[in-house]
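Peer 1: With the sequence up front, the predicted model follows.
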Amino acid sequence: MNLRTVGIRLGLETLYFTGAWKLFGPLSSGIGTIFTMHHVRPARAEAFQPNALLEIEPAFLETLIEYLRYKKVDMVSLAEAKRRLREQDYAKRFVAFTLDDGYRDNLEFAYPIFKKHGVPAALFIATSFADKLGLLWWIALERVIAATDRIALEVDGKSRFFDCANPGAKQNAYNQMYWWLRGLDDERELRRIVTDLCERYGVDPLGPCKELCMDWTEIGQLAADPLITIGAHSVNHYMLKKWDTASVQKEMVQSASVIEKALGKKPVDFTYPVGDKTSADARDFALATEAGYELAVTTRPGVVFPEHREHMTALPRVSLNGNFQALRYADVLRSGVPFSLPRGLRRLDVA
């Protein structure tokens with residue numbers, strides 16, 4: 001567990017056990033919470049799991065759903081969340097579940113839980129992933145580091161060597177390379193570098209996509225259930241802020257078109273790949289509206305407030321993070337306090 005994770009956990013524990021989340025909750029909790037998930041699958045045994053934050057266990061998801069039902073929290077579809085915002089129906093706070101990318105474990109492990117409990121969920125599909133042509137570069141990078149004891153890489157014009165001899169060294173190497181790559185202005189360069197690393201160290205760059213993502217037949221099985229909403233997640237999972245306007249428009253429009261042709265229904269909801277401030281901003285929020293989306297969600301952390309009615313393509317979400325699988329953390333996060341206090345109780349983050 002890295003220091004950042006330890007610090008976040010300490011903050012959540014402090015808010016919970018001091019009762020601060022309850023004290024400030026009435027000012028911070030808004031009208032609802034949109035949860036975001038990626039993988040839902042049983043825990044893995046590998047010591048090196050740099051992307052563990054992107055996966056939760058099925059048992060935790062089911063326990064959370066049962067707990068929310070016990071607490072009489074409305075678990076609603078995105079369509080119902082939109083209705084409540086548009087009609088200013090704030091009588092009860094809600095929770096909506098969303099899952100990004102289109103992983104097969106969503107079908108194998110998450111869907112049976114939603115079905116069992118009659119809880120709606122939205123799946124956002126990156127269409128190149130369903131076509132088995134997408135580069136899940138963060139997982140490809142993980143596989144490169146897992147496969148070798150030492151990596152040579154040119155970083156900012158200088159040759160560097162990364163020790164990958166043990167799990168701790170691998171984690172350190174991943175953190176350094178991942179965040180350097182995320183910081184590059186040109187995402188084409190990021191993808192070129194990861195693809196080159198895969199070729200040099202014997203890793204199939206498309207392997208993660210081929211192995212982990214659903215195909216259109218599997219997505220169709222989910223789309224046939226009224227509980228499941230299929231939304232768009234771009235074509236290539238680009239960090240849209242790093243691309244020109246024409247490319248962003250193409251990603252948004254083409255992904256909706258591909259989904260409509262594959263499933264017979266055009267999606268009206270969108271989620272921005274990666275989705276933080278470095279990956280989506282006000283230009284992209286406006287482009288989502290122009291592309292015909294009724295709602296779009298970010299990964300900017302926060303809960304939904306009535307004021308978001310005027311910013312339907314810039315909605316915040318709360319991550320169900322694999323490092324924080326405890327009901328008390330979910331309570332604190334739904335209170336909105338961890339997000340509002342650092343912002344001085346400011347409700348919106350939509351610029």
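Peer 2: The structure has been received and is ready for your questions. Residues are numbered from 1 along each chain as shown.

Peer 1: so what's the backbone phi/psi at P205?
Peer 2: In terms of degrees, to the nearest 10, the main-chain angles of P205 are phi -60, psi -30.

Peer 1: State the distance from it to H39.
Peer 2: 19 Å (Cβ to Cβ, to the nearest Å). For glycine as for every other residue, the C-beta is placed from the backbone atoms N, C-alpha and C.

Peer 1: S159 too?
Peer 2: In terms of Cβ to Cβ, S159 sits 35 Å off from H39.

Peer 1: Looking at those two now, which is surrounded by more residues?
Peer 2: Neighbours per residue (other Cβ atoms under 10 Å) separate S159 from H39, with H39 holding more: 22 against 8.

Peer 1: and that one, what does it touch?
Peer 2: H39 sits next to 54-56, 103, 105-106, 322 when contact means Cβ atoms under 8 Å, 6 or more residues apart in numbering.

Peer 1: Repeat that for A147.
Peer 2: Under the criterion of Cβ under 8 Å, 6+ apart, the contact list for A147 reads 201-203.

Peer 1: Who wins on neighbours among those?
Peer 2: Comparing these by number of neighbours (other Cβ under 10 Å), V203 comes first, having 23 neighbours.

Peer 1: Can you check what pLDDT the model gives that one?
Peer 2: In the prediction, the pLDDT value recorded for V203 is 98.

Peer 1: for it, what are its contacts?
Peer 2: With Cβ under 8 Å, 6+ apart as the criterion, the residues that contact V203 are 140, 143-144, 147, 197.

Peer 1: Correct me if wrong, but it is in a helix.
Peer 2: No. In this structure, V203 is coil, not part of a helix, as judged by DSSP: H, G, I helix; E, B strand; the rest coil.

Peer 1: hang on, the earlier thing: so which of the contacts of V203 is surrounded by the most neighbours?
Peer 2: Counting by other Cβ under 10 Å, V144 has the largest number of neighbours within those, with 24 neighbours.

Peer 1: residues touching that one, list them.
Peer 2: When contacts are counted by Cβ under 8 Å, 6+ apart, V144 is found next to 151, 194, 197-198, 201, 203.

Peer 1: Export those as JSON lines, with columns for distance to W179.
Peer 2: Supplementary listing: those in JSON lines, determined by distance: Cβ to Cβ, whole Å:
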{"residue": "I151", "distance to W179": "15"}
{"residue": "V194", "distance to W179": "14"}
{"residue": "L197", "distance to W179": "16"}
{"residue": "C198", "distance to W179": "19"}
{"residue": "Y201", "distance to W179": "20"}
{"residue": "V203", "distance to W179": "20"}
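
Peer 1: Closest to I125 out of the residues you listed?
Peer 2: The closest of the contacts of V144 to I125 turns out to be V194 (Cβ to Cβ; 21.8 Å).

Peer 1: Read off the pLDDT value for that closest one.
Peer 2: The per-residue pLDDT of V194 was computed as 98.

Peer 1: neighbours of it, just the number please.
Peer 2: V194: 22 neighbours (other Cβ under 10 Å).

Peer 1: One more: the one 4 residues further on?
Peer 2: The number of residues packed around C198, counting by other Cβ under 10 Å, is 21.

Peer 1: again with L15
Peer 2: Around L15 sit 24 other residues, with neighbours defined as other Cβ under 10 Å.

Peer 1: hang on, it in a helix?
Peer 2: Yes. Going by three-state DSSP, the assignment for L15 places it inside a helix.

Peer 1: what residues are up against it?
Peer 2: By Cβ under 8 Å, 6+ apart, the contact set of L15 is 21, 332, 335, 337-338.

Peer 1: if we go to 6 Å?
Peer 2: Taking Cβ atoms under 6 Å, 6 or more residues apart in numbering, we find L15 in contact with 21, 332, 337.

Peer 1: ok so, going back, for the contacts of V203, give me TSV that also has distance to N172, pLDDT and secondary structure.
Peer 2: As requested, those are arranged in TSV below (distance: Cβ to Cβ, whole Å; pLDDT from 0 to 100; DSSP: H, G, I helix; E, B strand; the rest coil):
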residue	distance to N172	pLDDT	secondary structure
A140	19	98	helix
R143	17	98	helix
V144	15	98	helix
A147	17	96	coil
L197	17	98	helix
